[in-house]
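Chemist: Quick one, fold the following:
(chains A, B, C and D)
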4 protein chains.
Amino acid sequence: MIKVGIAGASSLTAEVLIKIILKHPMAELVYAESEHYNGKKLDEIHSSVMGETDLIFSKFNINEICKNCDVLFLTKDNGYAHLIAEKLKKSSIKVIDLSADFRIKNAAIHKKWYGFEHKSKKLLSEAVYGLPELYGEQIKKTWLVANPGCYPTSIILASAPLLKLNIVETQNICISSCSGVSGAGRNPKPGMNMFMDSYRNLFPYKVGEHRHTPEIEQELKEVAHAPVSVTFIPHLLPVDRGILSTIFFKIKNSISEKALIDVFKEFYVNSPFIKICPTGKFPALSNVISTNFCCIGARVDRTRGQLVVFSAIDNLIKGASGQAVQNMNIMFGLEEDSGLN
Amino acid sequence: MIKVGIAGASSLTAEVLIKIILKHPMAELVYAESEHYNGKKLDEIHSSVMGETDLIFSKFNINEICKNCDVLFLTKDNGYAHLIAEKLKKSSIKVIDLSADFRIKNAAIHKKWYGFEHKSKKLLSEAVYGLPELYGEQIKKTWLVANPGCYPTSIILASAPLLKLNIVETQNICISSCSGVSGAGRNPKPGMNMFMDSYRNLFPYKVGEHRHTPEIEQELKEVAHAPVSVTFIPHLLPVDRGILSTIFFKIKNSISEKALIDVFKEFYVNSPFIKICPTGKFPALSNVISTNFCCIGARVDRTRGQLVVFSAIDNLIKGASGQAVQNMNIMFGLEEDSGLN
Amino acid sequence: MIKVGIAGASSLTAEVLIKIILKHPMAELVYAESEHYNGKKLDEIHSSVMGETDLIFSKFNINEICKNCDVLFLTKDNGYAHLIAEKLKKSSIKVIDLSADFRIKNAAIHKKWYGFEHKSKKLLSEAVYGLPELYGEQIKKTWLVANPGCYPTSIILASAPLLKLNIVETQNICISSCSGVSGAGRNPKPGMNMFMDSYRNLFPYKVGEHRHTPEIEQELKEVAHAPVSVTFIPHLLPVDRGILSTIFFKIKNSISEKALIDVFKEFYVNSPFIKICPTGKFPALSNVISTNFCCIGARVDRTRGQLVVFSAIDNLIKGASGQAVQNMNIMFGLEEDSGLN
Amino acid sequence: MIKVGIAGASSLTAEVLIKIILKHPMAELVYAESEHYNGKKLDEIHSSVMGETDLIFSKFNINEICKNCDVLFLTKDNGYAHLIAEKLKKSSIKVIDLSADFRIKNAAIHKKWYGFEHKSKKLLSEAVYGLPELYGEQIKKTWLVANPGCYPTSIILASAPLLKLNIVETQNICISSCSGVSGAGRNPKPGMNMFMDSYRNLFPYKVGEHRHTPEIEQELKEVAHAPVSVTFIPHLLPVDRGILSTIFFKIKNSISEKALIDVFKEFYVNSPFIKICPTGKFPALSNVISTNFCCIGARVDRTRGQLVVFSAIDNLIKGASGQAVQNMNIMFGLEEDSGLN
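Modeler: You can find the predicted model right below:
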């Protein structure tokens, strides 16, 4: 059994992670840190696991963690992981960080978009971007995974085959994404996650300034071997969970719709969590909610030279905790979908 | 008092129209046709106006209508208005058709997209596209208004200033729109307007085949004086009403965000139902639900050469019945917002 | 024009009140107090009235208020109005208090349920309980109205005729009420008004300890001329607004359903905001949302000796601000429904 | 492996059942009947199991079924099972009927409430009411289980301990239940399961005439060993699934709240799917959605002599298909919760 620790264990993301770990056949939750709930029972704070664990929240103690855990999930806010990563490296523990601290390779971007001076710059190139469908081999070998953002997960999975195979232009990719309210977390954020803000409503937010933009461009560039520019517009959707991304590309090398669907199928032939819709069918949030699947559909409009790809994920699972467990499975040589079905 | 008749008066669109007319200070509902409910009381079928009218549904009788009404609203399905338009022309009645029959100027498109041979081809050029913000002068003078589709209303209002002033490219305009479920009408449509279809869900529909596409391209071409190509993706949103359109343009002539907002303000300076958001603010459905307003916001990304415009309307009001009454007001020389506040 | 002041003008209740007053044909908003937003523009805080007023929030200044206003609406938290009521009495201003401070006649209940020592005990008997359908005559003559709570409004209106006419037992009345989330106000309340708390959920809250219980029992006793005991269970409903109360009575004097409906119609024959459903029809939230109506339906089960009454209101309008304006209309001799249609 | 057949396999209930059976470690779906979809693939009709089965819908063939299946789930409409039950009895197959045909023991009630002459009257007393928490021993031994209705499940589980132990009066029990829209099934029912009917709404329906009333009274009488009368009011709730019942009892023999909670805990000590809330806590739909649990909470008001019990279930699982599988598990000697966690 893999001994699992979670730091920052009071968040919504952590709750979903705990729920998965508690049912995982090969993992065991041995440590859950929360500054705020130190000493309280986990299942009093996270009602969805009521009666399923006796664990008590602890304070952060890096020695304890490294001694007792095989893997540490970090579900702290951005700006925490980079402070302790060097220390963790010295132990034999594996680390899966769900914050943005090791996603972005360029420390200047951390400073500009996240507002802090990165304290583990050397590790930025060492950390592996934890998108198993693209980086499975590297994930297998690393001790440090940077678990992707929710929007980037949905967008990169939908775009990678097209950019890799040179089917679409790399500039002026237009992305309209809608996310359920859980994307805004559990703590009150005025205008976002109060019921009266979101019910019977839809609106764009952080227009032109969402921090996932540099993450998306970095990763698409990696895939395309060329600079990529995206216009990314997130919207707040009046449901609890799920992300649907609608992505507009300009076609570079013409392709039929059937061939396009085959490209996707081929590209993800070994990826158990990718579902490709048949021609003329497109994903819905309901296809993926409460699962670790990413469902992808596509449409070609050769007359207008445009191609649209749709992708749906559950932001809390494939967009966060499910993907983190998928990464753990790979790091420890388990079946990729262990505990995720 | 303007004497108002409605044909096809049992639909959801008609219900909203009836509600507005019953409170309109200068109009009086004198005739409501429904084949199906002939002889029944209006307020038994339309619970939202219960107790507010004694009117009884009648059968369709064109002579009665022309004798008793000053204006006829047609809220029938597509393919009806074109059959009776020539007859109506011979009377002195004014007609506002809420179907697509007179929106599209090219009869071949009617055949291809709507599946029927148009029987009033001569009137296609005579009918005025009833978007008051663009065609107020023509609406004043015509007897026949083709009331715009809901999506086209939201999209054309958001795009017209940019295309008219040559600020953006006319090709590869990408549009992601989300509509509340009332857009699918009141009759059961499998996969669309059942509660279990839409609740906690979001999905694209009629991808590449929505009939509003030729309407949008026709009207934007009119404004741009050049062919325009759009990729238009509608999505079904789990709310009852409202449309939010997110429209991506490639910038042709660079402009600052402040100047862009001023362009919109200037363009719509005489349009009482257009609200332009200040810089950095963007529309939400909640800004417009239950009103005849269209709320527009915009963002410029000069680095990437992209410009995004957002527009929100209530699909049942500005996207249908409210706009129809706005057209009536103009046709009869009333204040444009009479009965609409 | 009646000059209107509002103290506590930043709340959700105040926003709805402001919206009504701004459209009221005989009233004018001249003063809006908010400690927190002092100096800010009203329409920046309350987006639903954007562009409709230039008013600026002021600090609380009782002399200013009494000099400039004909009526003061108090939308402050419980425990405020009782501190300033004596002073207000000395001026000629009329006061409509939307808090609980003057609803309960017994100061001991204030202490027990609201936790403070009442500072205007003499005024408790002077204040009129502002339910116009029962106390219209007294409201006409008073300077101080205690605007009823939202649940009590829906429950008392549904129960009064039955208790007054001795049709039902006064003990063991069972009430199940469901309220939309706006009942929890705009400020974050853990477990109540966050989107993730309420979406796709329903639950009872404050079971056995909701402060509206003594208010309901006090007022029903008043009507019944006998002690009344109720078991009142409020539930949080995943919609933005509306209250539906389902009230179970034991029949005392047998009555047919038709006669019962007639009792209600007769009782409310002069009440423009009460709608009685015909036999076999029952109220829905959708009948009353965004209106000042209370819609009532009833069912008799003579076999089991039980009678059920349903009532629906919009908690923000008939349950708060609309009723407050209805009270103002009566106090100033206007039509009862002025500005409320 | 238990070989499972389902007749009426195109319904929403059947979809949920199929989903559970496909993941059940000890059961295998071998037969799925649908008149309407005969010849089509299961996973084309039920999108939630897409890719998880190759089964094809068959026509109804009783010999095939009896030859190939160990158990038959009947998810047909009311009025079907009673026509074939005698034939099924002659085979060795076990039958779990999810319709009402064998719930009601009195054939006169079938005639009055369901409108047909029962054709298997002898089997009415043979069939076991499939509420495992009450009738586990009988379920073990029978070949024919009548799976309970959704509302009755939530209500009987909440009431049985109180009636059995003589804590409450048996007359004038008042029940207010709210059900998600899936309770109305998948086929359009005007006024019920269209999105526009239910969104932002709440209303009582079938007041005084819901068919679950005689089922509830029959079963509570069984438990109480005395006639029981209930006033049962169902409401339609704007969520997809879940039932919350709020049940008002008059106290007969006084009891403290703590003792009451202990009564429930004791009564259900061997029932793995019953969760009893601690004192002062009450169930929410979110506690049970997507599970086979029934969550129960209670409140005593000794001053007023009233006691309120709340119970929450997922109507599609514990209220239908989950409970049916729980019954299958018991009938075949498996762990009661096999395949249900």
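Chemist: What residues does A:G8 make contact with?
Modeler: Residues in contact with A:G8, defined by C-beta atoms under 8 Å, 6 or more residues apart in numbering or on different chains, are A:14, A:33-34, A:74-77, A:80. Every residue, glycine included, has its C-beta placed from N, CA and C.
Chemist: Got the phi and psi for the closest residue to A:T142 other than its chain neighbours?
Modeler: Closest residue to A:T142 apart from its sequence neighbours, by C-beta to C-beta, 6 or more residues apart in numbering or on different chains: A:V128 at 4.3 Å. Backbone geometry at A:V128, expressed as degrees, to the nearest 10, gives phi -100, psi 130.
Chemist: And the strands in chain A, which stretches?
Modeler: A:2-7, A:27-33, A:71-74, A:94-97, A:128-129, A:144-146, A:173-179, A:203-204, A:230-236, A:243-250, A:274-276, A:294-301, A:306-313 (DSSP state E).
Chemist: in stretch A:154-174, what's buried?
Modeler: By 16 or more other C-beta atoms under 10 Å in any protein chain shown, the buried positions in stretch A:154-174 come out as A:154-165, A:167-170, A:172-174.
Chemist: Hmm, A:S177 and A:S154 touching each other?
Modeler: Yes: the pair A:S154 / A:S177 is scored as a contact, 6.8 Å apart, by C-beta atoms under 8 Å.
Chemist: overlap in contacts of these two?
Modeler: When contacts are counted by C-beta under 8 Å, 6+ apart, A:S154 and A:S177 are jointly contacted by A:243-245.
Chemist: can you pull up the bridge partners for A:I173?
Modeler: Beta bridges link A:I173 to A:V230, judged by DSSP bridges.
Chemist: what does the model give it for pLDDT?
Modeler: A:I173 is assigned a pLDDT of 98 by the prediction.
Chemist: tell me, how many neighbours does the residue in the stretch 201-341 of chain A that chain C sits nearest to end up with?
Modeler: Nearest residue of the stretch 201-341 of chain A to chain C, counting by C-beta to the nearest C-beta: A:D240, 4.8 Å away. Residue crowding around A:D240 was assessed by other C-beta atoms under 10 Å in any protein chain shown; the count is 21.
Chemist: got the contact list for it?
Modeler: A:180-182, B:200, C:195-196, C:199-200.
Chemist: Tell me the spacing between it and D:G180.
Modeler: 14 Å (C-beta to C-beta, to the nearest Å).
Chemist: packing partners for the longest helix anywhere in chain A?
Modeler: For chain A, the longest helix by residue count, based on DSSP state H, is helix A:150-164. Other elements packing on helix A:150-164 under the criterion 3 or more C-beta pairs under 8 Å, 6 or more residues apart in numbering or on different chains; DSSP states H and E are helix A:132-141, strand A:173-179, helix A:212-224, strand A:230-236, strand A:243-250, helix A:257-267, strand A:294-301, strand A:306-313.
Chemist: mind putting the ones you listed in CSV, distance to C:H24 included?
Modeler: Below are these laid out as CSV (distance: least, C-beta to C-beta, whole Å):
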stretch, distance to C:H24
helix A:132-141, 60
strand A:173-179, 39
helix A:212-224, 47
strand A:230-236, 34
strand A:243-250, 43
helix A:257-267, 58
strand A:294-301, 52
strand A:306-313, 47
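Chemist: mind saving the C-alpha coords of the helix or strand of chain A with the lowest mean pLDDT as CSV?
Modeler: Every helix and strand in chain A was compared by mean pLDDT, DSSP states H and E; the lowest is helix A:42-45, with a mean of 92. Below are the C-alpha coordinates for helix A:42-45, written out as CSV (Å, rounded to 0.1, in the frame of the first residue of the first chain):
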residue,chain,number,x,y,z
LEU,A,42,-11.2,14.9,8.8
ASP,A,43,-14.7,13.6,8.4
GLU,A,44,-16.2,16.4,10.4
ILE,A,45,-14.9,19.0,8.0
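Chemist: Flag every residue of the stretch 101-250 of chain A that's near chain B.
Modeler: A:171-172, A:174, A:176, A:178, A:200-205, A:207-208, A:229-231, A:233, A:235, A:237-240, A:242, A:244, A:246, A:248, A:250 (C-beta under 8 Å from any C-beta of the partner chain).
Chemist: Buried only: go through those for me.
Modeler: For those, buried by 16+ other C-beta under 10 Å: A:172, A:174, A:176, A:178, A:200-205, A:207-208, A:229-231, A:233, A:235, A:237-240, A:242, A:244, A:246, A:248, A:250.
Chemist: Since that was my last question, I'll sign off now.
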